[in-house]
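Student: Just to be clear, the model below is a prediction. Sequence and coordinates:
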Amino acid sequence: MKFIELTGERLEEIIDDGELHVSDLKKAGVEDSTIVRVNQQGDIEVRRPHKWDVIGGLLGKFEDRVKESTGLDWA
């Protein structure tokens, strides 16, 4: 599966209405410097010490938002 990695701070910038709220990210333990990744289906995963946890998802035209915000492509 391919992903784009980003920080929690960057993720907060690309979230649209109807998706996770900033308070949801905080409850999931996502801080500005937290490493997260988004897969091609829009699932958001947060890096834990020994694994990745799915904490929600992005909807709509998330692919364009993620790529434009990070300058990265799926890897």
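Tutor: Great, that's in hand. Numbering: from 1, shown residues only.
Student: quick one, longest helix in this protein?
Tutor: Secondary structure of the chain per DSSP state H: the longest helix is helix 62-70.
Student: E12: helix or strand, and which one exactly?
Tutor: If you go by DSSP states H and E, E12 is part of helix 8-14.
Student: which parts of the helix or strand following that helix are buried?
Tutor: As assigned by DSSP H and E, the chain's next helix or strand after helix 8-14 is helix 22-27. Residues of helix 22-27 classed as buried: L25 (neighbour count, 16 or more other CB atoms under 10 Å). All C-beta spots, glycine's among them, are computed from the backbone N, C-alpha and C.
Student: What of stretch 47-67?
Tutor: By neighbour count on 16+ other CB under 10 Å, the buried set for stretch 47-67 is I55, G56, L58, F62, R65, V66.
Student: Convert the helix or strand of the chain with the lowest mean pLDDT to PDB, retaining C-alpha atoms only.
Tutor: Evaluated with mean pLDDT, DSSP states H and E, the helix-and-strand set of the chain has its lowest mean pLDDT in helix 22-27, which scores a mean of 89. Coordinates of the C-alpha atoms in helix 22-27 are reproduced here as PDB (Å, rounded to 0.1, in the frame of the first residue of the first chain):
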ATOM      1  CA  VAL A  22      -8.800  19.200  15.500                       C
ATOM      2  CA  SER A  23     -10.200  18.000  18.800                       C
ATOM      3  CA  ASP A  24     -10.500  14.500  17.400                       C
ATOM      4  CA  LEU A  25      -6.800  14.600  16.400                       C
ATOM      5  CA  LYS A  26      -5.900  15.700  19.900                       C
ATOM      6  CA  LYS A  27      -7.900  12.800  21.500                       C
END
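Student: Appreciated, that's everything.
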